[in-house]
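Novice: got a predicted structure here, sequence first:
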Amino acid sequence: MTKPRSKTQANPKTPKKESVPLSELPKPTLVKSDKSQKGNARVIYWHRTDLRLTDSPALTRALEIENIECFWPIWCFDPEYVYKHRVGVNRCNFLLESMNNLSEEYTKLNSNQKLWVVRSRPEFVLRKLAKDWGVTHICWEKDSNAYSKVRDEKIFALAEELGIQVIATPGRHLFDPDEVVKQNKGKPTMTLHQWQGVTSKMGEIARPAPTPTSLPDPGPSELQDNHEEDWGKYEGVDLNADVRTGKDTCFDSLAGPSSFPFSVPTMDQLGFSPSTTTIKGGTIEGHKRLDLFLSDKEKVAKFSKPNSAPTSLEPSTTLLSPYIKFGCIGIRELWWGCKAAVEEYRKKGGKGETKEPENMFGQLEFRDMYACAEAAVPHFERIRGNSVCKYVAWSLQNQYDKEGNEILPRPRDKDEQAEERFQAWKEGRTGFPWIDACMRQLKHEGWIHHLARHSVACFLTRGQCYISWERGMEVFDEWLIDWDPASNPGNWMWLSCSAFFSQYFRVYGLVSWPQKTDKSGALVRKYCPELKDFPDKYIYSPHLAPQGIQEKAKCIIGKDYPFPILDEHLEKEYCIARLKDAYHLNYHGDHEDILNGTAEKKLTEIHEENGHTREKIVDGKQDDKKRKRELDGEGAMDKFVKREKK
Ligand SMILES: Cc1cc2nc3c(=O)[nH]c(=O)nc-3n(C[C@H](O)[C@H](O)[C@H](O)COP(=O)(O)OP(=O)(O)OC[C@H]3O[C@@H](n4cnc5c(N)ncnc54)[C@H](O)[C@@H]3O)c2cc1C
């Protein structure tokens, strides 16, 4: 039933895959049912993190079940996903395109097949399908993040109750994060070195799983009583209400419109306006991008993340993250594809190969490292209760009620200046063109380069604005197509020096940093078109341009484009001073003072004692300037006049 890869997925360049014996695939978690499985198998394959047919250990396992009578690849379109979670139009559209593409791939394999989409909460859908379709097995790709664990626990319990066998097989990461955490004695992996140390004892990364060449038919697919009371009802707050521009009809019926039952929902049905991104979803697009990257052996061998340009108009890294996030390509395909490319490059005498962590293997390992941290740390996505997150008294932290429940949506904070700074950052109108261009690109495309993410995250948190990384993460949650529940909070903690990284005195320059890779400001000219006629000299700092230049560029700063919202260097100094105190206090999110709400006061007192207040820093700066003027004195003026005369 399997072959290396289906013809429908053009892949001339990736190495030919051997058929992998089942024993070499990642081990599944099996839940034995009370009732023994006799007779033919009626199997549901539940797609969640794997919108592909290639390199799917879980699908391979599912298709190896004996005596399959019927097989339904399904997707539970969970109302929680589109109400309880911020999901912007670009990510939602990418998901729907990827689901449609997978459905077509199934139909190419068996004309009776498709992706069967059922619109409700998984526990409701699976109970119903189990009953109506006489299901004996449910299979899926295992996911170790906190949200999935809670959801899957309910399905395990349901399967026990109904006597259905569950087969959950890892495959989303290089190694099963739960297994890595177990090997690490229950502790998270907080450095790449640590992750490498633990996994070096866990054997080789599995080879890509083979692609199915045929598929059993589905069984009869009617639903009894297709009008159950509360299938799509969601009682909580709709966090996407502000993105919804039309009427939401997606959950009007369990199987979707009667004219096209079990179809993939549309953006229109969700009440969302069309996406703005140029990034197309789907396994075919993902494989095209993967093949293109792997076809250039030198590029693979010399891949160096720190040397790629965040300012480039064309992505200077692979832009595979959205396809990895939705499982449109398999992680082993990418890993072993890179191994083969590097091998070939070496054989041809290629030189200058890069090493971990900067090379592609290092990138993929970082992704796993975050997944293994998230799997081990409760409340990884916030400060409160998070044992690995250093406490800093940031502005605009999450708010909690007396019982410790997060208040959603977050009420506006008393700190008006911080709220205004946050809005300006989010909307790309900080008056710093590099930050504004990145944020506008993020909103429009749903993707920005890794080092652009560094810049905007550093600016918002420890660099200048001193706003909680939780706020930045939340915006990324909404806008990133590649949003990942481990990589997003993990990287935000890294950038804000809350965990993983501690060099808080290293801050990205808002002008000097983008100038390193592009003095002409191409990305700024594209995403901040009001600045497009400024000369290169002022493209990253238009507020310094003389009036005449502003007039010539037809953009007056303060009128057509904002003045900077803050003083870059002053705020940097103020942030570093406070970070120093926070590091000295060394509280983590699970400290009792954070849980009882006294930590902020304590840290503020320490800032005052140490003279780390804005007033003192401003005074210090003024004194410095005065001292400099006094030191320079007449001598400096003489030098200046001489230079001018020359
Ligand atoms: C504040 C912040 C938030 C981020 N949020 C996410 C997120 O939600 N989802 C996400 O996939 N990445 C996230 N990243 C990591 C990284 O920026 C993206 O993975 C990368 O830019 C995607 O582009 P690419 O596919 O061209 O990457 P490449 O450089 O081509 O790397 C290949 C793959 O390696 C993985 N990878 C590379 N770097 C990282 C990293 N630092 N952490 C985790 N995985 C990595 C990704 O899967 C990526 O597709 C975040 C980084 C920062 C600084």
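Specialist: Looks like it arrived, so ask away.

Novice: residue 63 and residue 553, how far apart?
Specialist: Relative to residue 553, residue 63 is positioned 62 Å away (Cβ to Cβ, to the nearest Å). For glycine as for every other residue, the C-beta is placed from the backbone atoms N, C-alpha and C.

Novice: what is the neighbour count of whichever residue of the stretch 501-646 of the chain sits closest to the ligand?
Specialist: Across the stretch 501-646 of the chain, the shortest distance to the ligand (Cβ to the nearest ligand atom) belongs to residue 501, at 10.4 Å. Residues within reach of residue 501, counting by other Cβ atoms under 10 Å, total 14.

Novice: the chain should start at 374 in everything you say after this.
Specialist: Yes, from this point I'll number from 374; that puts the last item at residue 874.

Novice: which pLDDT does the model give it?
Specialist: With respect to pLDDT, residue 874 scores 98.

Novice: likewise for residue 781?
Specialist: 87.

Novice: repeat that for the one 4 residues further on.
Specialist: Per-residue confidence (pLDDT) for residue 785: 97.

Novice: from memory it sits against residue 792, does it?
Specialist: Yes. Applying Cβ atoms under 8 Å, one finds residue 785 in contact with residue 792, separated by 6.1 Å.

Novice: which one's more surrounded, those two?
Specialist: residue 792 (16 against 9).

Novice: so who does the more buried one touch?
Specialist: When contacts are counted by Cβ atoms under 8 Å, 6 or more residues apart in numbering, residue 792 touches 769, 785, 786.

Novice: quick check: buried residues in the longest strand along the chain?
Specialist: Counting by DSSP state E, the longest strand found in the chain is strand 441-449. For strand 441-449, the neighbour count (16 or more other Cβ atoms under 10 Å) marks 441, 443, 444, 445, 446, 447, 448, 449 as buried.

Novice: and if you look at stretch 627-637?
Specialist: The neighbour-count check on stretch 627-637 (16+ other Cβ under 10 Å) flags 627, 628, 629, 634, 635, 636, 637 as buried.

Novice: now residue 625, what's its secondary structure?
Specialist: Three-state call for residue 625 (DSSP: H, G, I helix; E, B strand; the rest coil): coil.

Novice: returning to that earlier point: of the buried residues of stretch 627-637, which is the nearest to residue 717?
Specialist: Nearest to residue 717 out of those is residue 637 (Cβ to Cβ; 38.7 Å).

Novice: how much space between the closest one and the ligand?
Specialist: When distance is defined by Cβ to the nearest ligand atom, to the nearest Å, residue 637 is 23 Å away from the ligand.

Novice: just residue 549 next, same as before
Specialist: Shown here: residue 549 relative to the ligand, a distance of 17 Å by Cβ to the nearest ligand atom.

Novice: check residue 658 too.
Specialist: With Cβ to the nearest ligand atom as the criterion, residue 658 and the ligand are 13 Å apart.

Novice: related to what we said a few turns ago, among the buried residues of stretch 627-637, which one lies nearest to the ligand?
Specialist: residue 637 (23.3 Å).

Novice: dump the residue contacts of the closest one.
Specialist: 448, 469, 472, 473, 476, 488, 490.

Novice: what helix or strand does the second one sit in?
Specialist: Same thing as residue 469. For residue 469, the element it lies in under DSSP states H and E is helix 462-482.

Novice: quick one: that helix to chain centroid distance?
Specialist: When distances are taken as Cα atoms, centre = their mean, to the nearest Å, helix 462-482 is centred 19 Å away from the chain's centroid.

Novice: cool, and stretch 429-443?
Specialist: With Cα atoms, centre = their mean, you get 30 Å for stretch 429-443.

Novice: what's the separation between the residue of the stretch 874-1019 of the chain closest to the ligand and residue 720?
Specialist: From residue 874 to residue 720 the distance is 37 Å (Cβ to Cβ).

Novice: next: residue 862.
Specialist: As for residue 862, its distance to residue 720 is 41 Å (criterion: Cβ to Cβ).

Novice: ok, those two, which is more surrounded?
Specialist: A count of neighbours by other Cβ under 10 Å puts residue 862 above the other of residue 862 and residue 720, at 27 against 9.

Novice: residues contacting the most centrally placed residue in the chain?
Specialist: Centroid check for the chain by Cα atoms, centre = their mean gives residue 856 as the closest residue, at 2.5 Å. Shown in contact with residue 856 (Cβ under 8 Å, 6+ apart): 464, 698, 849, 850.

Novice: could you grab the helix/strand/coil label for the residue nearest to the first one when sequence neighbours are not counted?
Specialist: So the one you mean is residue 464. Leaving aside its sequence neighbours, residue 464 sits nearest to residue 854 (Cβ to Cβ, 6 or more residues apart in numbering; 4.8 Å). Classification of residue 854 by three-state DSSP places it in coil.

Novice: ok, residue 854 to residue 460 distance?
Specialist: Distance from residue 854 to residue 460, by Cβ to Cβ: 10 Å.

Novice: what's the answer for residue 414, then?
Specialist: Taken as Cβ to Cβ, the span from residue 414 to residue 460 is 34 Å.

Novice: among those two, which residue is more densely surrounded?
Specialist: Neighbour count, other Cβ under 10 Å: between residue 414 and residue 460, residue 460 has more, with 22 against 18.
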